[in-house]
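Visitor: next comes the sequence, and after it the predicted model I'd like to discuss.
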Amino acid sequence: GKSTFIKQLKIIKGEGFEGKIRDEYVAVIRSNLLQATKSILMAMTILCIDCVGEEAKDATMRVLEVLSEMEDTHDELLTVKPGALESLSESIVTLWSDEGFKSCYSRSNEYQLMDSAKYYLDKSAMICDPAFKPSDQDILRSRKKTTSIIEYLFDIKKVRLKVIDVGGQRKERGSGFLASTISRAS
């Protein structure tokens, strides 16, 4: 979408994602991983798919227990209580190696699952590591609802490009959802 395009511009032509901004994406990426896991577990119930291994069945219970205790941040980010991340990591890795869980993932065309689910599930142990620092690719694949108007400036070949990202779903915004102005850079 629009925000992904802007993230690509930041990587290619801008300053990239350094320091505090990169650190802010850790919560978004972890939330994306948790949302993907939750979506698959919910779909398993609807599609009548069971985990194959006993370890995966236990992991399902642990993940569902942690998800039920999640802090409600009211901004669509799922966050876990301190200390719960490490146990979740083991459980998500166990689920992702289970044939039943993978079978449900392979049927993702039958339910709503974010496009970066496999990418984050493959990296779940790294993402849950307390020292996790996201790569540009991790950030590029992250999804967070844009709820405000954000202005970005890019200098490309002595031309200043101003890109304005207007948040909201298509039905929530007017016709000018992505605006830009061009001026000579000094």
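Guide: Great, that's in hand.

Visitor: for this structure, which residue is closest to the average position?
Guide: residue 32 (3.2 Å; Cα atoms, centre = their mean).

Visitor: helix or strand right after the lengthiest helix in the chain?
Guide: Longest helix of the chain, by residue count under DSSP state H: helix 19-46. Once the chain leaves helix 19-46, the next helix or strand it forms, by DSSP states H and E, is helix 54-68.

Visitor: what's the angle between that following helix and helix 19-46?
Guide: 120 degrees (axes from the mean of the first three to the mean of the last three Cα atoms, to 10 degrees).

Visitor: elements contacting helix 54-68?
Guide: Here helix 54-68 touches helix 19-46, helix 84-96, going by 3 or more Cβ pairs under 8 Å, 6 or more residues apart in numbering; DSSP states H and E. In short, each C-beta sits where N, CA and C put it, glycine included.

Visitor: with just CA atoms, put that helix into PDB.
Guide: The C-alpha coordinates for helix 54-68 follow below in PDB (Å, rounded to 0.1, in the frame of the first residue of the first chain):
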ATOM      1  CA  GLU A  54       1.200 -33.200  21.300                       C
ATOM      2  CA  GLU A  55       3.800 -30.500  21.700                       C
ATOM      3  CA  ALA A  56       1.900 -28.400  19.300                       C
ATOM      4  CA  LYS A  57      -1.300 -28.900  21.200                       C
ATOM      5  CA  ASP A  58       0.400 -27.800  24.400                       C
ATOM      6  CA  ALA A  59       1.900 -24.800  22.500                       C
ATOM      7  CA  THR A  60      -1.600 -23.900  21.200                       C
ATOM      8  CA  MET A  61      -2.900 -23.700  24.800                       C
ATOM      9  CA  ARG A  62       0.100 -21.600  25.900                       C
ATOM     10  CA  VAL A  63      -0.300 -19.200  23.000                       C
ATOM     11  CA  LEU A  64      -4.100 -18.800  23.600                       C
ATOM     12  CA  GLU A  65      -3.500 -18.300  27.300                       C
ATOM     13  CA  VAL A  66      -1.000 -15.500  26.600                       C
ATOM     14  CA  LEU A  67      -3.200 -14.000  23.900                       C
ATOM     15  CA  SER A  68      -6.200 -13.900  26.400                       C
END
